[in-house]
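Student: this one's sequence-less:
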């Protein structure tokens, strides 16, 4: 291997959540495919209750993450959130899940009944959530603001709406810059939120929000001036004749149609299974049955 | 139109005053989404209760004051930014989308009350305070929470028995920051905002 | 020089809520193809004056305006900023705040899309503007805010240049840049001056760079124009400039001192190397 080539830094492209290598295969598709991915695949976990099928979905998502060369650090960042969600679902279902006659009670602490049915629901819901969250993390990891905007332009949304959403993404970046500026200023005055316990963090957040909004207000002036100075006219939703240079750079190709077709086909199959067969229900789950038998329910 | 007098309410359109939406409102809309997403993600990640419901959500203050100051631009921005902040905090797409009406009402109610009852955003009188508290702290968040738990039940993400936990989480998690940060923002920035050309006396300008 | 492209006629402007007028009866004419440098201390009204030239004032600010500004035949009171801006480009001092999109390519295309130009022309113009501003092809996919200060400001200039305005206004384009960034931006301005017949109006503190580039220098002080002259004449009265808090380059001051002491009787040099030559000659006697 050429040592120079081997040590050369990988070219990366910034995405909503981080960076993605330029050679990621996802870039080969039309940007609208990413939006369709989010919209269509997000429906899958809503149709599936059966934990095994959600596990299949989760594994498939990890495979897609791997194939798309998404950085592992992004998934790591969400590990804590995933764990939090697990505990919340677990507590909400097992301790506050309620009791219906016929439930198999496993443990009882005072008024709190822990039943197998509630645990089974917690597992079912958590895996649905896990799958759904992976879909959105994937979208944020591989998409750029530009992809979202192109998607909106592709569906012929009035330009002003597509543009406002694009500008909103830009504004998040500006607000983060302002947030960091304020944080540095507060640090210089010996206030570091990171070092404070949560309750203090919350209390001191007030010191951030006022300058953050004040800076945003100042920025409205700058952004509005910049818009006007570049010939942008606000004409409501009527729009005006405007070239779509960016969209003209992309062509919806047969591989895009194939990807979209595949996603829709899986959606159709899942919809059929959901409403005409018991395959996707929790009752048909071998995993839950196995767990239930371990707990002595079945 | 009201004549130009010192005592005219901040909401009254003065004689000869032309108000129409422009690029500054587009900028305000976008920047509110930016500020709201940053503030909202802070809460959603710091004190999560799950599904984007959080024990402390400063984003609600941006929703309330955004609607009060910038009319429908603020209300719409307030309804849209949680979609971004919730997504960043790991809420599934359709759950975030389903929260839209809750987030809309949380910004819309105070925006409507302040305009309908000529409440001064600088919170100068007891009437101003009272209207702010009922519309931007209590009722809007109560309605928002009601919608949110209904949605979560639709998606079968929570059980009937866990409704009180999520409902109270939403009401308290939103109510406290709406009260604290809402007041701070209105008192500190309203005098500035009402002179700014982005301030909306009506719904769009 | 050609016909006037910007005419400022007895312009008075007061921002809402302020007691003092920011501009007091300003009269100025900028001709086609001219390179004009506007200088003056802080709060003298420089930004207000240039913002009035593309209609940002009075359209985007609240205040009281008297007099007229005619930009390429358009009275700024009657035309929207967006319309005037298609022919009068504006580059702001903070490169960060003027970016409206997430990649350099979108940034360059934004104004051109607003002009409703055909796709091919947009592509050509982007390439052309990048060439003048020396931006590399690699930058197109990058977010503009991830570039260095000088690169950012060059993107901002390219975005305006691509629209091929008749007049380009730069409001302190180097004030937020490091020395390398400043040089990068000035190299672009030098190129514009030499090779393109575009009218340039620059508000700038770096007098050493602007002195030899400008056709005309304007001194604004406390909302009033005190002096409009070609650079040679403008810098001839150094005490007058210093009195009004405008600090000419050290080399000019040094030569002026020699002149005061009777050691030199020629013109004030506009370039550093000319000044060095004068000093050498005086030292050699």
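Tutor: Structure received. Here the structure is a predicted model, which means the values were calculated and not measured.
Student: From here on, just use CA atoms for contacts and neighbour counts.
Tutor: Will do.
Student: Nearest to chain C within chain B, name that residue for me.
Tutor: Nearest residue of chain B to chain C, counting by Cα to the nearest Cα: residue B:197, 7.5 Å away.
Student: Quick check, that residue in contact with residue C:59.
Tutor: No - with contact defined as Cα atoms under 8 Å, residue B:197 does not reach residue C:59; the gap is 10.8 Å.
Student: Could you measure from residue C:210 over to chain B?
Tutor: In this view, residue C:210 and chain B are 34 Å apart by Cα to the nearest Cα, to the nearest Å.
Student: residues touching that residue, list them.
Tutor: C:37, C:204 (Cα atoms under 8 Å, 6 or more residues apart in numbering or on different chains).
Student: Report how many residues lie close to the nearest residue to residue A:298 once chain neighbours are set aside.
Tutor: Nearest non-adjacent residue to residue A:298, counting by Cα to Cα, 6 or more residues apart in numbering or on different chains: residue A:292, 5.8 Å away. Burial measure for residue A:292: 17 neighbouring residues, criterion other Cα atoms under 10 Å in any protein chain shown.
Student: Counting by contacts, list what the helix or strand containing residue A:292 packs against.
Tutor: According to DSSP states H and E, residue A:292 maps onto helix A:286-294. Counting by 3 or more Cα pairs under 8 Å, 6 or more residues apart in numbering or on different chains; DSSP states H and E, the packing neighbours recorded for helix A:286-294 are helix A:51-67.
Student: Show me what the helix it packs on is in contact with.
Tutor: Against helix A:51-67 from outside (Cα under 8 Å, 6+ apart): A:24-25, A:45, A:48, A:123-124, A:127-128, A:130-131, A:134-135, A:138, A:280, A:282, A:285-288.
Student: please redo it, this time with the cut-off set to 6 Å
Tutor: A:124, A:131 (Cα atoms under 6 Å, 6 or more residues apart in numbering or on different chains).
Student: Show me which parts of whichever helix or strand comes after that helix are buried, residue by residue.
Tutor: Downstream of helix A:51-67, the next assigned helix or strand under DSSP H and E is helix A:72-94. Neighbour-count burial for helix A:72-94 flags A:74-75, A:78, A:81-82, A:84-90, A:92-94 (criterion: 16 or more other Cα atoms under 10 Å in any protein chain shown).
Student: Show the contacting residues for residue 13.
Tutor: No chain specified, so I'll use chain A. Per Cα under 6 Å, 6+ apart, neighbours of residue A:13: A:19, A:20, A:22.
Student: Wait, chain C was what I had in mind.
Tutor: Residue C:13 neighbours (Cα under 6 Å, 6+ apart): C:21, C:22, C:23, C:64, C:65.
Student: The same query, at a cut-off of 10 Å, please.
Tutor: C:20-26, C:45, C:48-49, C:52, C:57-58, C:62-67, C:223 (Cα atoms under 10 Å, 6 or more residues apart in numbering or on different chains).
Student: Buried members of the residues you listed into ChimeraX, please.
Tutor: If you want just the buried ones from those in ChimeraX, going by 16+ other Cα under 10 Å, the selection is:
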select /C:21,22,23,24,25,26,45,48,49,52,57,58,62,65,223
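Student: Can you flag which of the contacts of residue C:13 belong to helices?
Tutor: Judged by DSSP state H, helices contain the following of those: C:48, C:49, C:52, C:57, C:58.
Student: would CSV of those residues with pLDDT and distance to residue B:122 be doable?
Tutor: Formatted as CSV, those follow (pLDDT from 0 to 100; distance: Cα to Cα, whole Å):
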residue, pLDDT, distance to residue B:122
C:48, 97, 30
C:49, 98, 34
C:52, 97, 33
C:57, 94, 29
C:58, 93, 28
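Student: Spatially, which two of those are the most separated?
Tutor: Within those, C:49 and C:58 form the most distant pair, 10.8 Å apart (Cα to Cα).
Student: Tell me the residues that contact both of the two, please.
Tutor: Common contact partners of residue C:49 and residue C:58 (Cα under 10 Å, 6+ apart): C:13, C:69.
Student: Run the chain-centre distance for the top strand by length along chain C.
Tutor: Secondary structure of chain C per DSSP state E: the longest strand is strand C:4-15. Relative to its parent chain, strand C:4-15 has a centroid offset of 16 Å by Cα atoms, centre = their mean, to the nearest Å.
Student: now stretch C:152-168
Tutor: That offset, for stretch C:152-168, works out to 12 Å (Cα atoms, centre = their mean).
Student: what about it, near chain A?
Tutor: Yes - using Cα under 10 Å from any Cα of the partner chain, a contact is recorded between stretch C:152-168 and chain A, made by C:159, C:160, C:163.
Student: Check the separation of the first and last residues in that stretch.
Tutor: Start-to-end span of stretch C:152-168 (Cα to Cα, to the nearest Å) is 17 Å.
Student: tell me which element the residue of chain B closest to chain C falls in.
Tutor: Using DSSP H and E, no helix or strand contains residue B:197.
Student: One more: residue C:29?
Tutor: Going by DSSP H and E, residue C:29 is part of strand C:23-31.
Student: I'd like to know which elements that strand is packed against.
Tutor: If you count contacts as 3 or more Cα pairs under 10 Å, 6 or more residues apart in numbering or on different chains; DSSP states H and E, strand C:23-31 packs onto strand C:4-15, helix C:46-53, strand C:63-71, strand C:199-203, strand C:216-221, strand C:224-229.
Student: tilt between that strand and strand C:216-221?
Tutor: 180 degrees (axes from the mean of the first three to the mean of the last three Cα atoms, to 10 degrees).
Student: Which neighbours in the sheet does strand C:23-31 have, and how are they oriented?
Tutor: strand C:4-15 (antiparallel) (DSSP bridges).
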